[in-house]
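>>> just a sequence and a predicted model for now, questions to come.
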Amino acid sequence: MTDTTFADLGLTERLLKALDDAQYTHPTPIQQNAIPMLLDGKDLFGIAQTGTGKTAAFILPLLHHLQADDIKAEPRMPRALILAPTRELALQISESIKTYGRRMQIRQAVIMGGVGKNPQIKALNRGLDILIATPGRLLDLVNQRCADLSECKYLIIDEADRMFDMGFIRDVRKITSMLPKERQTLLFSATMPKEVAKLAGEILTRPERVEIASKSIAVERIEQHIHHLPSAGKRDLLVKLLDAPDMSKVIVFTRTKRGADQVVKRLANEGVDAVAIHGRKSQNARQKALESFRTGHMRVLVATDIASRGLDVDDVSHVINYELPHEPESYVHRIGRTARAGANGIAISFCDAKERPQLRAIERLIKRPLDVVGDAPSEQPARAANTRGNSNGKPADQAHKRRRRPRRFNQRAA
Ligand code: AMP
């Protein structure tokens, strides 16, 4: 946060009141940098991930412009389009618009796959100030002539790198080509793969660039521990860790959907309630799971990487990486779910022998070693699981051998 206030940035009175209602006192760095440029009508290339306050950084100026333009939206012709890679992110953006636009009359709707089209078509027909959409369903509805983007003067593409990962970049290009050339375009991305830079070059006009290093948001404030153990010991360690009273709101990350379901089952066998959220679940099931976690009814959420970006849940006490991700950037996104908006958080990762290369890649990316939990008491259950014998038949002493090498990183044990 900075000394600058939202009023200094030049936002309208209604927005300032809404921010006051939300009890935001000061803009975050990305808000402080981006909002004046955006109010000025500039295009923007923002390198920032969730947790930086980037959603408000793009929504506040958008609402400001929509109010100033004072145009009534025609049926099927939204005035602004926000593209998001996942349904969860689209819904969260919609919630943010409700918060920041609560003192304005803003008509908005979310268009996404996995739910019925008819309510979405009806919403389009009523005329929308802001359309928030995932690319596939939007193209579908455009092709059916239920949506026309030719009056859309504002385009915001959120999490462009995720769009690329999920194979949506072509759809994004196609959609962008349907908008008028005279428009304001914003593109946000947490990382900068070549393809995203190329897309930015094509669709942005003389953009300003704002970069908020992911390192400074997540990694620095989060306590990060690593347990070296054979994969057969992971379940017992997880159960033991979840037993601690400070584990009040925990996201457990797995690499695969099947893995997520398995962890939920294993936890259930041990009497620990958890819900899974991943791409094979229906939209309703995903939303229900997320809601029960958000409201605190369910203490443990087991998620694949689909949920690691954009998920905005307050007070996540711990992130546990049951399996390390293949892409080191995903590690940063995952652990960024704890330590939201100024809070500190704790991330605990499990690493079996096969995952060592992933661990090295992560440590290279964040430029620091994770704290190895060596002889600390919290490791005991893993060892116990190991000495009891495990399903893949690995002898217990291998775990100790494996543990030795990473200790070169262990500042505390050294
Ligand atoms: P985002 O990066 O947009 O996902 O925002 C992360 C979280 O920070 C959300 O829960 C926002 O409600 C919150 N937030 C955004 N801007 C501010 C601010 N200026 N002051 C306090 N909280 C904020």
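Thanks, I have it. Numbers count the residues shown, from 1 in each chain.
>>> quick one: His225 and Phe350 touch, right?
No - His225 lies out of contact with Phe350 (Cβ atoms under 8 Å); the separation is 9.9 Å. Every residue, glycine included, has its C-beta placed from N, CA and C.
>>> what sits in contact with each of these two?
Common contacts of His225 and Phe350 (Cβ atoms under 8 Å, 6 or more residues apart in numbering): none found.
>>> what about the two, which has more around it?
Phe350 (25 against 19; other Cβ atoms under 10 Å).
>>> helix/strand/coil for that one?
strand (DSSP: H, G, I helix; E, B strand; the rest coil).
>>> go ahead and confirm it touches His227.
Yes - with contacts counted by Cβ under 8 Å, Phe350 reaches His227, the gap being 5.3 Å.
>>> quick check: end-to-end length of stretch 17-36?
End-to-end distance for stretch 17-36, by Cα to Cα, to the nearest Å: 18 Å.
>>> what do Phe350 and His227 both touch?
With Cβ under 8 Å, 6+ apart as the test, Phe350 and His227 both reach Leu237.
>>> chain neighbours aside, what residue packs nearest to Gln120?
Ile111 (4.8 Å; Cβ to Cβ, 6 or more residues apart in numbering).
>>> number of nearby residues for that neighbour?
28.
>>> on the strand side of things, show who it bridges to.
Beta-bridge pairing for Ile111 (DSSP bridges): Ala133.
>>> and the stretch 51-200 of the chain, which residues reach the ligand?
Within the stretch 51-200 of the chain, the residues that sit near the ligand (Cβ under 6 Å from any ligand atom) are Gly51, Thr52, Gly53, Lys54, Thr55, Ala56.
>>> okay, these in TSV with secondary structure next?
Listed next are those as TSV, based on three-state DSSP:
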residue	secondary structure
Gly51	coil
Thr52	coil
Gly53	coil
Lys54	helix
Thr55	helix
Ala56	helix
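>>> how near is Asp315 to Leu89?
Distance check for Asp315 against Leu89: by Cβ to Cβ, to the nearest Å, it reads 20 Å.
>>> if you could redo that for Ile277, that was the one I meant.
Distance from Ile277 to Leu89, counting by Cβ to Cβ: 13 Å.
>>> those two - which one has more neighbours?
A count of neighbours by other Cβ under 10 Å puts Leu89 above the other of Ile277 and Leu89, at 26 against 23.
>>> which residue ranges of this protein form strands?
44-47, 80-83, 108-111, 130-133, 154-157, 184-189, 208-211, 222-228, 250-253, 275-277, 300-303, 318-321, 345-351, 371-372 (DSSP state E).
>>> could you dump those to JSON lines with mean pLDDT?
Converted to JSON lines, the strands of the chain look like this (pLDDT from 0 to 100):
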{"stretch": "strand 44-47", "mean pLDDT": "96"}
{"stretch": "strand 80-83", "mean pLDDT": "98"}
{"stretch": "strand 108-111", "mean pLDDT": "98"}
{"stretch": "strand 130-133", "mean pLDDT": "98"}
{"stretch": "strand 154-157", "mean pLDDT": "98"}
{"stretch": "strand 184-189", "mean pLDDT": "97"}
{"stretch": "strand 208-211", "mean pLDDT": "93"}
{"stretch": "strand 222-228", "mean pLDDT": "92"}
{"stretch": "strand 250-253", "mean pLDDT": "96"}
{"stretch": "strand 275-277", "mean pLDDT": "91"}
{"stretch": "strand 300-303", "mean pLDDT": "95"}
{"stretch": "strand 318-321", "mean pLDDT": "96"}
{"stretch": "strand 345-351", "mean pLDDT": "93"}
{"stretch": "strand 371-372", "mean pLDDT": "90"}
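>>> closest one to Phe6 among these?
For the strands of the chain, proximity to Phe6 was assessed by Cβ to Cβ; strand 208-211 is nearest, at 17.0 Å.
>>> direction included, what does that closest one pair against?
Each strand paired with strand 208-211, and its direction, by DSSP bridges: strand 44-47 (parallel).
>>> show me how far the strand it pairs with is from its chain's centre.
Distance, stretch centre to chain centre, for strand 44-47: 17 Å (Cα atoms, centre = their mean, to the nearest Å).
>>> for stretch 117-130, same thing?
26 Å.
>>> again with stretch 257-269
With Cα atoms, centre = their mean, you get 22 Å for stretch 257-269.
>>> picking that back up, now the residue nearest to Gln120: how far from Ile362?
36 Å.
>>> same check, this time on Val110
Taking Cβ to Cβ as the measure, Val110 falls 34 Å from Ile362.
>>> between these two, tell me which one has more neighbours.
Shown here are Val110 and Ile362; by other Cβ under 10 Å, Ile362 has more neighbours (27 against 23).
>>> okay but that one is in contact with Arg356, surely?
No - using Cβ under 8 Å as the test, Ile362 is too far from Arg356 to be in contact (10.6 Å).
>>> the residue nearest to Gln120 reaches Ala133, doesn't it?
Yes - under the criterion of Cβ under 8 Å, Ile111 makes contact with Ala133 at 4.2 Å.
>>> which residues are in contact with each of the two?
Shared contacts of Ile111 and Ala133, counting by Cβ under 8 Å, 6+ apart, come down to Ala90.
>>> list the buried ones in stretch 235-251?
For stretch 235-251, a neighbour-count test (16 or more other Cβ atoms under 10 Å) marks Arg235, Asp236, Leu237, Leu238, Val239, Lys240, Leu241, Leu242, Met247, Lys249, Val250, Ile251 as buried.
>>> distance of the second one relative to Leu242?
Using Cβ to Cβ, one gets 11 Å for the distance from Asp236 to Leu242.
>>> apart from its chain neighbours, what residue comes closest to Gln358?
Nearest residue to Gln358, sequence neighbours excluded (Cβ to Cβ, 6+ apart): Leu324, at 4.2 Å.
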